[in-house]
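Student: kindly return the folded structure for what I paste below:
(chains A and B)
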Amino acid sequence: MMGHKFGPAWRQAALSAVLAGSVAAAFAAPAFAQGVLKVGMTAADLPITTGNPDQGFEGYRFVGYNLYDSLVEWDLSSATKPSDLVPGLATSWAVDPKNKTQWIFTLRKGVKWTDGCPFVASDVVWNLQHLTDPKDPAYYAAEAAQAGPYLTNYASAKAEGEDKVVITTKQPDSLLPYELSYVLMISPCQAKKLKYDWTAFAAHPSGTGPYLFAREVPHREMDLVPNPDYWNKKRIPKAKLELFPMPDPATRTAALLSGQVNWIEAPDPDAMKKLKAAGMKIVTNTYPHNWSYQLNFAKGPFTDIRIRRAANYAISRTDMKTLLDGYMIKSYSTVPPTTPYFGHPVEYKYDPKKATALLKEAHCYPCAVTLAISTSGSGQMQSLSMNELVKEDMDAAGFKVTLDTMDWNALLAVARVGVDKYPTISAINVSRQVQDPFNALIRHVATSQWAPHGSNWGHYSNPKMDKLIDEIYNEFDNAKRLVLLTKLNEMMNEQAVMIWVAHDVNPRAMSPKVHGFIQAQNWAQDLTPVSVSP
Amino acid sequence: MGTVLRRLLLALPIAFGVSVVCFALVYIAPGDPLQTIVPPDATQATIDAVKHAYGLDKPLVVQYLIWLWRVLHGNLGTSISTTRPVALEVMLALGNTMRLVALAMPAALIVGYAMGVAAARFPGGWIDRAVTGIAVVGVSLPNYWVGVVLVILCAVQWSLLPATGMGSGHAALLSWESLRFMILPSISLALIPMGIIARSTRACVLDLASHDFVLTLRAKGMSESTVTRHVLRNALPQVIAIVGLQFGYLMGGSILVETVFSWPGSGFLLGRAIQNRDVPLLQGTVLVLAMIFVATNLLVDLLQVRLDPRLRRG
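Tutor: Model (predicted):
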């Protein structure tokens, strides 16, 4: 019948050849168009591959979220709206109406780990125990450390059948889905097969992510290849990934200009013109980053709200933007203005006269303050020159600023321990990710988050805010919670709980041969639509 | 044999001293040894749990003794940041640095020695002035800056050589695909040893030229080339001592040059270990590098004894 339909044998043969060619082209064309995305990262080393990666969010961006998935993921498909949560390995989630400390996650069916084992509910329980229970045979301290900050409210988990997991929290936690977006799931099958040898697991990782681990040359290069069986067929990657650690910005710039890589993270602002002149694309976007100062509320000038406001009025964000060649967004609040809970906060716009008047009113003129800063560090932008400008502006308004400069590691130690051990420091300049409600707002002002237990370095405490935070944790209706979060952000501004200066715009430079990238308003980015032409 | 044994025994207290100083310095420096494995927002409770898991909550002396006991049993421990054995990390890094040294050191020796001899041959002349100028420039220019300039010129402007890295790792060691990555960092590394060798050779040869035995050789009617040969042979032990010292420095790697070229050698490894406060990695790297330095000096001493019969008599 077929022969009749398509005519003589030679025509069939010709048609077959054309069809074969088309099929081959269908496979060859993407392979041809896919190419290799070669990334010069700012990290000093390759991120670990045992689950939640190190090397900050660069580790999540290029390795963590590519090899693994979380139950809940970030929507990275749009450049114009802030990212929100979307289903990941869980297709839906809801709090138990009878018990607000229990969340029920319904899992995606038909997903397989890259080692071939099926993904089931008991795997999620295994992962959570592996990260939280030191007595569990699969416990891995390094991974527990990476995931720990996102599981502070986690109490226990149990599987119900193969596709449901019940997670119990220590207290009602409406923000748990946000926190779980940072907790990556690894294959228990592979871990057991390798007898919990995590060095071996790092060399043979198994997840459910859009990429497969191909190889790692220690400290030099990591290659990831598309996972053709990825469960999300819309996100099958187009290009192979080659990742190179290049901590020096001049090295990254040279590597891009010479064609050794076709994508670099965080190019030096001074090199932007040169990169543009060479035809490179510079991509930027708002993202939840905050370059600010956390203040000492236990002792010293910043215990007085007038002085906190004076500091905010004293700084010219316009001059700061000029310093950075335009690569920043002026910051008057902890979160960027595109954040859903930004609201209408008080904006302390540059007014040095008002700053001086406030200092005089507070009888702190000149007002001596010590700012602890770092020479560089993750998210610290152009730390030294920016801090010099802040000092200049504040001094001009009547402050007497001393910059206490230390390396990034030392500043983190100061930040972790809290104000009690460093009472003479008036403020610390530690940039923060402000991607979700807890990390953006709550941890900076909640009394329960006083360092060293949390990130409230300066021991800020305000019963009204604590009550509001409690309401936020107990509000499981998204719309109603948004109203509360907006109120919290506005309260934080009214109280001038920080000195806000800049939001980074996450610049990255890429060759004109790189196509299809959409820079989401997020620390993570989706590399799956990216292709590289020859 | 006695000299070798004596020197080897002397190396033990040096190694011990190095390990103690290094261990103490890491803890005196501000910062947190867990920096690499805990994110900036980790709570104190998380940090305490991890410290306990890694044994970092024990008293310093106990930590040091545990480490020392392991080292004596041939175990340098495990890197906190990469979870790989420190011995493996150090060997990989040393192998990478050795690739650069294998190019940089002979180049520095040949060029530096030739320049020094030429300068000493015509003291005060234009060759001498030129050599002195080049040597001073070589010693004075920061080698990482030279590295950046070389990258801009040779990689970005002229597209002759790659800017950074070691290549794909697939190519054979002696293939052009591998060698081309080594040229710029090797030149950057060779500059300082070249300058030092040139200046030292010049000074040494000039010094020897004023010795009585040179006067005697000339009085006996020896040709100038024969006199030069005698002078150079006498200069060799001193030059070798300097070369040995420079070899030790180069094997220690240059943190800055290796960072500029993203070259994962021993300097890069050391820099990363310091930055991350990765105590086991730092301890192991410093110890191995110190031992290489000691071994190099020992080899140089033995070579000098072999080349200079007067030392054997002494």
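
Student: report pLDDT for residue B:36.
Tutor: For residue B:36, the pLDDT comes out at 60.

Student: next one: phi and psi at the residue in the stretch 51-200 of chain B that chain A sits nearest to?
Tutor: Nearest to chain A in the stretch 51-200 of chain B, going by C-beta to the nearest C-beta, is residue B:53, at a distance of 3.4 Å. Heads up, the C-betas are built off the backbone N, CA and C, glycines and all. Phi and psi for residue B:53, reported as degrees, to the nearest 10, are phi -60, psi -30.

Student: could you do residue A:373 as well?
Tutor: phi -130, psi 170.

Student: contacting residues around it?
Tutor: A:383, A:384, A:387, A:403, A:404, A:405, A:406, A:411, A:428, A:429 (C-beta atoms under 8 Å, 6 or more residues apart in numbering or on different chains).

Student: distance from the chain centre to the host helix or strand of the third one, please.
Tutor: It refers to residue A:387. Under the criterion of DSSP states H and E, residue A:387 resides in helix A:383-397. Centroid separation for helix A:383-397 versus its chain: 28 Å, with C-alpha atoms, centre = their mean, to the nearest Å.

Student: stretch A:434-446 too?
Tutor: With C-alpha atoms, centre = their mean, you get 13 Å for stretch A:434-446.

Student: all the strands of the stretch 251-400 of chain A, residue numbers only.
Tutor: In the stretch 251-400 of chain A, the strands defined using DSSP state E, counting those that start in this stretch lie at A:263-265, A:281-283, A:289-295, A:329-330, A:367-374, A:399-406.

Student: show the buried residues in the contacts of residue A:373.
Tutor: The neighbour-count test (16 or more other C-beta atoms under 10 Å in any protein chain shown) marks A:383, A:387, A:404, A:406, A:411, A:428, A:429 as buried among the contacts of residue A:373.

Student: could those go into CSV alongside distance to chain B and pLDDT?
Tutor: Shown next, in CSV, are these (distance: C-beta to the nearest C-beta, whole Å; pLDDT from 0 to 100):
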residue, distance to chain B, pLDDT
A:383, 14, 89
A:387, 18, 96
A:404, 11, 96
A:406, 6, 88
A:411, 9, 87
A:428, 12, 97
A:429, 13, 96
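
Student: closest to residue A:291 among the residues you listed?
Tutor: residue A:429 (7.6 Å; C-beta to C-beta).

Student: ok but residue A:215 is inside a helix, no?
Tutor: No: the assignment for residue A:215 (DSSP: H, G, I helix; E, B strand; the rest coil) gives strand, which keeps it out of a helix.

Student: got the contact list for it?
Tutor: A:222, A:223.

Student: one more pass at 10 Å, please.
Tutor: A:203, A:221, A:222, A:223, A:224, A:225, A:242, B:168, B:169, B:170 (C-beta atoms under 10 Å, 6 or more residues apart in numbering or on different chains).

Student: export those residues to JSON lines and append columns for distance to residue A:40.
Tutor: Output for these, formatted as JSON lines (distance: C-beta to C-beta, whole Å):
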{"residue": "A:203", "distance to residue A:40": "23"}
{"residue": "A:221", "distance to residue A:40": "11"}
{"residue": "A:222", "distance to residue A:40": "13"}
{"residue": "A:223", "distance to residue A:40": "15"}
{"residue": "A:224", "distance to residue A:40": "15"}
{"residue": "A:225", "distance to residue A:40": "19"}
{"residue": "A:242", "distance to residue A:40": "10"}
{"residue": "B:168", "distance to residue A:40": "15"}
{"residue": "B:169", "distance to residue A:40": "17"}
{"residue": "B:170", "distance to residue A:40": "19"}
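
Student: which members of those residues are classed as buried?
Tutor: Buried by 16+ other C-beta under 10 Å: A:203, A:221, A:222, A:223, A:224, A:225, A:242, out of the contacts of residue A:215.

Student: so which of those are in strands?
Tutor: A:221, A:222, A:223, A:224, A:225, A:242 (DSSP state E).

Student: how close does the last one get to residue A:220?
Tutor: The gap separating residue A:242 from residue A:220 is 10 Å, by C-beta to C-beta, to the nearest Å.

Student: what touches both of those two?
Tutor: With C-beta under 10 Å, 6+ apart, residue A:242 and residue A:220 have common neighbours residue B:168.

Student: quick revisit: which of the ones in strands among the buried ones among the contacts of residue A:215 are close to chain B?
Tutor: A:221, A:223, A:242 (C-beta under 10 Å from any C-beta of the partner chain).

Student: how about the strands in the stretch 51-200 of chain A?
Tutor: A:72-74, A:85-87, A:90-96, A:99-107, A:154-160, A:164-169.

Student: helices or strands up against the helix or strand containing residue B:180?
Tutor: Using DSSP H and E, residue B:180 maps to helix B:176-209. Packing partners of helix B:176-209 (3 or more C-beta pairs under 10 Å, 6 or more residues apart in numbering or on different chains; DSSP states H and E): helix B:86-121, helix B:126-140, helix B:143-150, helix B:224-251, helix B:255-260.

Student: picking that back up, winner for burial among the strands of the stretch 51-200 of chain A?
Tutor: strand A:72-74 (a mean of 22; mean count of other C-beta atoms under 10 Å in any protein chain shown).

Student: ok now do the nearest residue to residue B:94 once chain neighbours are set aside, which residues does it touch?
Tutor: In this structure, residue B:94 finds its nearest non-sequential neighbour in residue B:266, 5.4 Å apart by C-beta to C-beta, 6 or more residues apart in numbering or on different chains. Residue B:266 makes contact with B:89-98, B:101, B:250-255, B:258, B:285, B:288-289, B:292 under the criterion C-beta under 10 Å, 6+ apart.
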